[in-house]
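following is a predicted model, sequence given first.
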Amino acid sequence: QQQVRQSPQSLTVWEGETAILNCSYENSAFDYFPWYQQFPGEGPALLISILSVSDKKEDGRFTIFFNKREKKLSLHIADSQPGDSATYFCAASVPSGSWQLIFGSGTQLTVMP
Amino acid sequence: GGIITQTPKFLIGQEGQKLTLKCQQNFNHDTMYWYRQDSGKGLRLIYYSITENDLQKGDLSEGYDASREKKSSFSLTVTSAQKNEMAVFLCASSRQSNYAEQFFGPGTRLTVL
């Protein structure tokens, strides 16, 4: 009930392509979904986030599409660059006021030049 | 802005040893977290502290103790290190509010011989 699932586990795209990273969840009470980006040797950093009242959030080349009915969301990275190569974590907030996040297992993205 | 400092960066211990990891933040955040990151398994919450003098168990608290010495520091103790254990321990902090961004440190990589 608390799980967040991500697919694929790893993804390779060419520079300039759109990378699509998928995320799904089970708990319909989750209401906030941040995506974190992690480079090797560093901690994750917030990339973009969406609230469940919205179905789309854009920030430059990064777009989240959210389907509340199907409990699915996806992160689209347009015009992928080699510098986007990183691991991306989808997370969901526990709606209990404790400010906990439930993280997915991550998608490792490689952008080939 | 601010920074999260984790010490040590690398920690090598023996089976059964008690090991302590330290985290300091200068964001003046109320809430701090300890996560464990295993390859392919995402981030799992060990302990968190909503305010100074508060301590809450996460899903992975067994085998660990934590201490919030003051607002800016949060320590994690592995009570009895397990042989072949290898993981990265990440400390994070956030404001005490819903949907607050979590800021992560670079991690401590633990190896148990």
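Sure, I can see it. Note that the coordinates shown come from a computational prediction; the quantities given were computed from them, not determined experimentally.

which residue would be the closest one in chain B to chain A?
Proximity of chain B to chain A (C-beta to the nearest C-beta) peaks at B:Phe104, 3.0 Å away. Placement of C-beta: from N, CA and C, glycine included.

excluding its backbone neighbours, what's nearest that residue?
In this structure, B:Phe104 finds its nearest non-sequential neighbour in A:Gly43, 3.0 Å apart by C-beta to C-beta, 6 or more residues apart in numbering or on different chains.

which element is the one you found on?
Per DSSP states H and E: A:Gly43 is located in neither a helix nor a strand.

bridged to residue 10, which residues?
Picking chain A for this. A:Gln108 (DSSP bridges).

oops, chain B please
Here B:Phe10 sits in beta bridges with B:Arg109, going by DSSP bridges.

would you mind measuring from it to A:Thr110?
26 Å (C-beta to C-beta, to the nearest Å).

among those two, which residue is more densely surrounded?
Between B:Phe10 and A:Thr110, A:Thr110 has the larger neighbour count (other C-beta atoms under 10 Å in any protein chain shown), namely 14 against 9.

isn't there a strand covering the more buried one?
Yes: per DSSP: H, G, I helix; E, B strand; the rest coil, A:Thr110 lies within a strand segment.

ok, residue 100 - contacts?
No chain specified, so I'll use chain A. A:93-94, B:45, B:48, B:58 (C-beta atoms under 8 Å, 6 or more residues apart in numbering or on different chains).

chain B was what I was after
B:Ala100 sits next to A:99, B:31, B:94 when contact means C-beta under 8 Å, 6+ apart.
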